[in-house]
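Colleague: all I have is the shape, not the residue letters:
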């Protein structure tokens, strides 16, 4: 044992003899716990330890000739150094109670490497197809063709003009709320004005898309999508302000404790953003912040992040945004339309819109609530998927549609049916009007109630999750292909 003792003394920081002896004693305890005898001489170790303790009490100098204070950091670090020294010289124990990483009991969740493997396999599996199409057809990505999807006439911008006109409906809601706040118009009159305005938000763009011949299908979808989001936002805006008026009229003492008027101490992430109370929120700044914020539910004080992280905004969100757009345009070229499943395009769109775009907007506006989706990919039922893949819409339906109906005495089944019909309406609104043909394929591909009932009743666990993925892979792509087929037959069938 002389060789290991000499090696241990060279590693130990302390210069007195007690350090090496203490290391022997400590290692002896570890090995004794492992079923082995401790090496060394116990009697000598005890004597050295006593001498070392006496040296500490008297403030004696060590081998280096310097006097150390009893509470010096060097002395406090010595036991930790001794423990590491013993573990290095005498590794007596190397096993602990633990689970395998792929076991569900291990709690391990970092599977990024497996995800990268899936991406690599996807690229390699399509590499041969890519090369064959390039050799046979050449490069078919035409920037002019991409622009023509949005504009037939470069000097005519019907979609952009339609989006600009939406400010009229925004200001109409704001000024109506101001009049209601000061009492110049009654609640009944304000409700009638809101109904007319919100109805116009849906009818006006639809009529424009159907009558303007220069409106392309892509431009129509974009315009109607923005007006649909605006409709939901304006409805939430007038609904929340009505709640605040009712609280004020009831002479509530603390407005900041209501659901629609949360306190700044609970939600705001920084003291820079001032707390707002009704009717101080009825300003152009507050209104347009809500219009551009990545949420559909209005409240007087949104949770705010302390600052804008420029590095994340530019280096991560912007590059991710451009990369996803480039890949999507590449996959939607004629070469890949019949080869790559449009289910992959839907997944790319989800990542681009709900993760990259909405997080970019939230970072730019310092919007704090960034739960735009949950783990819908783990859905074991279709209803769980509906409730978790689009959190902004789900929150809006709960807050402004489902719960108000329950408070009015409507049973849950009728309330859920009403939400289903509303969802079906907006699906057809966003697809049938821009294509100028009315079908019900979106209803069957996105809101299949019998499938949801069957999966929820008979399938659970991995079987339910597999059924949800099958519905996503087959249902939505089939609906899209049916729309493409009917549109092609109506507009280009006579030329073939």
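Modeller: Happy to help now that I have it. Since the structure is predicted, the reported quantities are computational estimates derived from the model, not experimental observations.

Colleague: tell me where the model's unsure across the stretch 151-300 of the chain.
Modeller: Residues of the stretch 151-300 of the chain meeting the criterion pLDDT under 70: 151-156, 251-273.

Colleague: can you do 90?
Modeller: Scanning the stretch 151-300 of the chain with the threshold set as pLDDT under 90 gives 151-161, 183, 212-220, 245-279.

Colleague: now the helices: where do they sit in it?
Modeller: Secondary structure of the stretch 151-300 of the chain by DSSP state H, counting those that start in this stretch: the helices cover 158-182, 187-211, 217-249, 264-267, 284-292.

Colleague: buried residues in the last one?
Modeller: To tie it back to what came earlier, the one meant is helix 284-292. Residues of helix 284-292 classed as buried by neighbour count (16 or more other C-beta atoms under 10 Å): 286-287, 290-291. No exception for glycine: its C-beta is placed from N, CA and C like everyone else's.

Colleague: which one of those is nearest residue 230?
Modeller: Among the buried residues of helix 284-292, residue 291 lies closest to residue 230 (C-beta to C-beta), at 7.3 Å.

Colleague: report the rounded mean pLDDT for whichever strand or helix holds residue 126.
Modeller: According to DSSP states H and E, residue 126 maps onto helix 112-137. Taken as a whole, helix 112-137 carries a mean pLDDT of 76.

Colleague: can you put the buried residues of helix 284-292 in JSON lines and add distance to residue 313?
Modeller: Below are the buried residues of helix 284-292 laid out as JSON lines (distance: C-beta to C-beta, whole Å):
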{"residue": "286", "distance to residue 313": "23"}
{"residue": "287", "distance to residue 313": "24"}
{"residue": "290", "distance to residue 313": "21"}
{"residue": "291", "distance to residue 313": "20"}
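
Colleague: closest one of the residues you listed to residue 229?
Modeller: Comparing the buried residues of helix 284-292 against residue 229 with C-beta to C-beta places residue 291 closest, at 9.1 Å.

Colleague: quick one: residues contacting the closest residue to residue 190 other than its chain neighbours.
Modeller: Leaving aside its chain neighbours, residue 190 sits nearest to residue 180 (4.5 Å; criterion: C-beta to C-beta, 6 or more residues apart in numbering). In this structure, residue 180 makes contact with 187, 190, 241, 245, judged by C-beta atoms under 8 Å, 6 or more residues apart in numbering.

Colleague: distance to residue 373 added to the helices of the stretch 151-300 of the chain, as JSON lines?
Modeller: Converted to JSON lines, the helices of the stretch 151-300 of the chain look like this (distance: least, C-beta to C-beta, whole Å):
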{"stretch": "helix 158-182", "distance to residue 373": "25"}
{"stretch": "helix 187-211", "distance to residue 373": "26"}
{"stretch": "helix 217-249", "distance to residue 373": "16"}
{"stretch": "helix 264-267", "distance to residue 373": "21"}
{"stretch": "helix 284-292", "distance to residue 373": "20"}
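
Colleague: pick the most buried one from the ones you listed.
Modeller: Stretch with highest mean neighbour count among those: helix 217-249 (a mean of 19; mean count of other C-beta atoms under 10 Å).

Colleague: which strands or helices does the helix holding residue 126 pack on?
Modeller: Under the contact definition 3 or more C-beta pairs under 8 Å, 6 or more residues apart in numbering; DSSP states H and E, helix 112-137 sits against helix 334-337.

Colleague: and the next helix or strand past the helix it packs on?
Modeller: Scanning forward in sequence from helix 334-337 by DSSP H and E, the next helix or strand is helix 342-350.

Colleague: after that next one, next one along is what?
Modeller: Under the assignment DSSP H and E, the closest C-terminal helix or strand after helix 342-350 is helix 358-365.

Colleague: mind giving me the packing neighbours of that following helix?
Modeller: Under the contact criterion of 3+ C-beta pairs under 8 Å, 6+ apart, helix 358-365 touches helix 284-292.

Colleague: if we can go back for a sec, so which of the helices of the stretch 151-300 of the chain gets nearest residue 122?
Modeller: Taking C-beta to C-beta, helix 217-249 is the member of the helices of the stretch 151-300 of the chain nearest to residue 122, at 26.7 Å.

Colleague: tilt between the closest one and helix 284-292?
Modeller: Relative orientation of helix 217-249 and helix 284-292, computed by axes from the mean of the first three to the mean of the last three C-alpha atoms, to 10 degrees: 130 degrees.

Colleague: now helix 217-249 against helix 158-182, angle please.
Modeller: Counting by the same axes, to 10 degrees, helix 217-249 lies at 10 degrees to helix 158-182.

Colleague: what is helix 217-249 packed up against?
Modeller: Under the contact criterion of 3+ C-beta pairs under 8 Å, 6+ apart, helix 217-249 touches helix 158-182, helix 187-211, helix 284-292, helix 391-397, helix 412-435.

Colleague: rerun at 7 Å
Modeller: Where contact means 3 or more C-beta pairs under 7 Å, 6 or more residues apart in numbering; DSSP states H and E, helix 217-249 is packed against helix 158-182, helix 187-211, helix 284-292, helix 412-435.

Colleague: make TSV from those helices and add distance to residue 311 to it.
Modeller: Below are the helices and strands packed on helix 217-249 laid out as TSV (distance: least, C-beta to C-beta, whole Å):
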stretch	distance to residue 311
helix 158-182	31
helix 187-211	38
helix 284-292	22
helix 412-435	36
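
Colleague: of all those helices, which one is nearest residue 388?
Modeller: When the helices and strands packed on helix 217-249 are ranked by proximity to residue 388 (C-beta to C-beta), helix 412-435 comes first, at 14.7 Å.

Colleague: let me see the mean pLDDT of that closest one.
Modeller: Rounded mean pLDDT across helix 412-435 is 88.

Colleague: what's that helix packed up against?
Modeller: Here helix 412-435 touches helix 187-211, helix 217-249, helix 403-407, helix 441-446, helix 461-492, going by 3+ C-beta pairs under 7 Å, 6+ apart.

Colleague: select, out of those, the one closest to residue 352.
Modeller: helix 217-249 (14.1 Å).

Colleague: now residue 369, what's its secondary structure?
Modeller: Here residue 369 is recorded as coil under DSSP: H, G, I helix; E, B strand; the rest coil.

Colleague: so what's it closest to, chain neighbours aside?
Modeller: In space, residue 369 comes closest to residue 303 once its chain neighbours are excluded; the distance is 5.1 Å by C-beta to C-beta, 6+ apart.

Colleague: go ahead and confirm the one you found touches residue 365.
Modeller: No - using C-beta atoms under 7 Å, residue 303 is not in contact with residue 365; the gap is 11.5 Å.

Colleague: any idea how far residue 209 lies from residue 223?
Modeller: 7 Å (C-beta to C-beta, to the nearest Å).

Colleague: nope, residue 437 is what I meant
Modeller: Residue 437 is 17 Å from residue 223, where distance means C-beta to C-beta.

Colleague: next one: residue 398
Modeller: Distance, residue 398 to residue 223, using C-beta to C-beta: 28 Å.

Colleague: and if you look at residue 199?
Modeller: Distance from residue 199 to residue 223, counting by C-beta to C-beta: 17 Å.

Colleague: same thing with residue 482?
Modeller: 23 Å.

Colleague: ok, residue 111 next?
Modeller: In this view, residue 111 and residue 223 are 40 Å apart by C-beta to C-beta.

Colleague: and for residue 385?
Modeller: In terms of C-beta to C-beta, residue 385 sits 28 Å off from residue 223.

Colleague: next one: residue 425
Modeller: As judged by C-beta to C-beta, residue 425 and residue 223 stand 17 Å apart.

Colleague: then residue 240?
Modeller: 26 Å.

Colleague: likewise residue 468?
Modeller: Plainly put, residue 468 is 32 Å away from residue 223 if you go by C-beta to C-beta.
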